[in-house]
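> no sequence on this one, just coordinates:
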Ligand code: FAD
Ligand code: DLZ
């Protein structure tokens, strides 16, 4: 008897649990472009083009494998605009469907909706676990259950042991678990960044780009040129080019930033991983093989594997472990509005302008820009967590709540009070200057604190510490930094607070 298999826009893997026992002869795969998913946040135009084009290409792949695919285009006359309504319409139209099979979605919002489906539809509904991750959700909760602190590093070590990745017997390869200390080089002026793999849009992507232009003209971001891959084959080509040409340099400059250098040695693979065009375990194994065969150094490969086997798996586990209430905390009582320049990049702060302009252009910024530039600014100025989370969901091609939320809410703005980070990632211009060439190209002086031309990050940093001194006082990792606040004279404090207030006013924040 036929089953209807719903495949979502970020479930584009032939190995999906929903497809594992599918019978192409009898089963029907449903894929639907719907306004509800396209508008629950106002996605970047490039993300919309990427997801719709990747969905259309995946439907073709399924058809080549002999599946019947019921593909609903966004502008189809009868499109009901929501996944549940499209499932309902498909069940009605097909009349002999006995069972609906879906792999669980990546967001609480949609899972809550799907959990009502058994009561709504006259067919059996089977929600299957998403098996594309290296750790199961039970693995994560078993690990987390008796711990006071859920630090990524210990989860990562457990995952290394579990998978055997970068292990020599029971010991970590090279003797250390973590080569983070070797991943903090500044980019020398003379060093050229490498050429990257990109591709030209085919007819399907061109058609989707026209659709996005037509239906979402006011969304954030620049649509053209569009050069991301949209098929598994293209994602694999991007992966192979990364492993052979870029990975060897990944470690050294992992934390570095440079003006008009959006990619550095980063992989630009998150958008493919997150929709299922690449497999995370396979990617880690390929990176490990590059080290074992002498094609990449250990600090690079360990750093890369840590991002995927460690951070990516950890934030996903934590998102589901903490539940939908996780996003409601506001530990630092941040209440301010996001300044307009987050949407335009029009600010004299060279680092903010560059990170935001790249985001507009590419729907991409690398991790340190997200954390230590735009995230740090939001932390220091106390932008309300809902606004910060909303911004990160809207502007990046790889944004899905399971990965965006822990990174933003926990890592960047400490709104969870320390579930993820042991202390706030608050930094002054000193850090940005150390890790980038931004300050040399900026109209602000990175050394000044309260003068008219002083870098805003400095007064905002000190003001952040003054404002949050009491609530951070009990954090053992903040002791040293807060001692410096105690040393400020009354006059220093007043000047810092006055400068911070005047900056915030000039940014339209209060
Ligand atoms: P690389 O630097 O090449 O890293 C390799 C891979 O490791 C990435 O492709 C990604 O899959 C994984 N990875 C690296 N860091 C993290 C991390 N902290 N958490 C989870 N996976 C990680 N990543 C997303 O995929 N989607 C998001 O919506 C997202 N939002 C973020 C918001 C903030 C505030 C911060 C600080 C980070 C966020 N990240 C997010 C994590 C990280 O910034 C991106 O994964 C990375 O920049 C993607 O670029 P890349 O593929 O070149 O990564
Ligand atoms: C991101 C996205 C977009 C823009 N559009 C669709 C869509 O039209 N149909 C669909 O099935 N999925 C889409 N997606 C991906 C979903 O939003 C994603 O599956 C959920 O957020 C769960 O992770």
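Everything's here; your move. Worth saying up front: this structure is predicted, and the values here are computed from it rather than measured. Ligands and ions are numbered 1, 2, ... in the order given.

> residues from the stretch 201-350 of the chain in reach of ligand 1?
266-270, 273-274, 304, 307-308, 311-312, 315 (Cβ under 6 Å from any ligand atom). Where C-beta positions appear, they are placed from N, C-alpha and C, glycine not excepted.

> over to the stretch 351-500 of the chain?
Proximity of the stretch 351-500 of the chain to ligand 1, by Cβ under 6 Å from any ligand atom, involves residues 366-367, 370-371, 375, 392, 396, 398-399, 403-404, 407-408, 411-412.

> ligand 2 next: which of those are close?
Residues of those in contact with ligand 2 (Cβ under 6 Å from any ligand atom): none.

> how many residues are close by residue 502?
Residues within reach of residue 502, counting by other Cβ atoms under 10 Å, total 13.

> assumed it was part of a helix.
Yes - counting by DSSP: H, G, I helix; E, B strand; the rest coil, residue 502 falls inside a helix.

> any idea how far ligand 2 is from it?
To ligand 2, residue 502 is 40 Å away according to Cβ to the nearest ligand atom, to the nearest Å.

> cool, residue 371 as well?
Distance from residue 371 to ligand 2, by Cβ to the nearest ligand atom: 22 Å.

> and for residue 128?
According to Cβ to the nearest ligand atom, residue 128 and ligand 2 sit 14 Å apart.

> same deal with residue 53?
Distance of residue 53 to ligand 2, given as Cβ to the nearest ligand atom: 11 Å.

> that's a helix at that residue, yeah?
Yes - per three-state DSSP, residue 53 lies within a helix segment.

> so what's it up against?
Counting by Cβ atoms under 8 Å, 6 or more residues apart in numbering, residue 53 makes contact with 201, 204, 205, 208, 230.

> related to what we said a few turns ago, ligand 2: which of the residues of the stretch 351-500 of the chain next to ligand 1 is nearest?
residue 399 (8.4 Å; Cβ to the nearest ligand atom).

> if we can go back for a sec, out of the residues of the stretch 201-350 of the chain next to ligand 1, give me the two with the largest separation.
Farthest pair in these (Cβ to Cβ) is 268 and 315. Separation: 18.8 Å.

> if you count surrounding residues, which of these two has more?
More crowded of residue 268 and residue 315, by other Cβ under 10 Å: residue 268, with 22 against 19.

> quick one: pLDDT of that one?
The model reports residue 268 with a pLDDT of 98.

> what count of nearby residues applies to the residue of the stretch 301-450 of the chain found nearest ligand 2?
Nearest residue of the stretch 301-450 of the chain to ligand 2 (Cβ to the nearest ligand atom) works out as residue 400 at 4.8 Å. Residues within reach of residue 400, counting by other Cβ under 10 Å, total 20.

> can you give me the helices in the stretch 301-450 of the chain?
Counting by DSSP state H, counting those that start in this stretch, the stretch 301-450 of the chain has helices at residues 313-322, 341-344, 350-362, 367-368, 376-381, 385-395, 401-405, 429-435.

> who touches the first one?
Contacts made with helix 313-322 from outside it, assessed by Cβ under 8 Å, 6+ apart, are listed as 133-135, 137, 139-141, 143-144, 150, 152, 155-156, 159, 280, 326, 401-403, 405-407, 410, 419-420.

> so residue 227 sits against residue 200, correct?
Yes - using Cβ atoms under 8 Å, residue 227 is in contact with residue 200, at 6.9 Å.

> these two: which is more packed in?
Per other Cβ under 10 Å, whichever of residue 227 and residue 200 has more neighbours is residue 227, with 14 against 9.

> which non-adjacent residue is nearest that one?
Once flanking residues are discounted, residue 227 sits nearest to residue 198: 3.7 Å by Cβ to Cβ, 6 or more residues apart in numbering.

> measure the one you found to ligand 1 for me?
Computed as Cβ to the nearest ligand atom, the residue 198 to ligand 1 distance reads 13 Å.

> what kind of secondary structure is that residue in?
coil.

> dump the contacts of residue 53 to TSV, plus pLDDT.
What follows is those, written out as TSV (pLDDT from 0 to 100):
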residue	pLDDT
201	98
204	98
205	98
208	98
230	98
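
> just the residues you listed: which are in helices?
Residues of the contacts of residue 53 located in helices (DSSP state H): 204, 205, 208.

> and which of those is nearest residue 290?
So of the ones in helices among the contacts of residue 53, ranked by how close each gets to residue 290 (Cβ to Cβ), first place is residue 205, at 30.1 Å.

> contacting residues for that closest one?
Residues in contact with residue 205 (Cβ under 8 Å, 6+ apart) are 49, 53, 226, 230.

> relative to residue 1, which of the ones in helices among the contacts of residue 53 is nearest.
Checking those against residue 1 with Cβ to Cβ, the nearest one is residue 204 at 33.0 Å.

> you'd agree that closest one is up against residue 57?
Yes - assessed by Cβ under 8 Å, residue 204 is found in contact with residue 57 at 6.2 Å.

> so what sits against both of the two?
Common contacts of residue 204 and residue 57 (Cβ under 8 Å, 6+ apart): residue 230.

> who has more neighbours, those two?
Neighbours were counted for residue 204 and for residue 57 using other Cβ under 10 Å; residue 57 has more, 21 against 18.

> ok, the more buried one to residue 22 distance?
The spacing between residue 57 and residue 22, counted by Cβ to Cβ, to the nearest Å, is 19 Å.

> likewise for residue 226?
According to Cβ to Cβ, residue 226 and residue 22 sit 31 Å apart.

> got it, and residue 207?
Counting by Cβ to Cβ, the gap from residue 207 to residue 22 is 27 Å.
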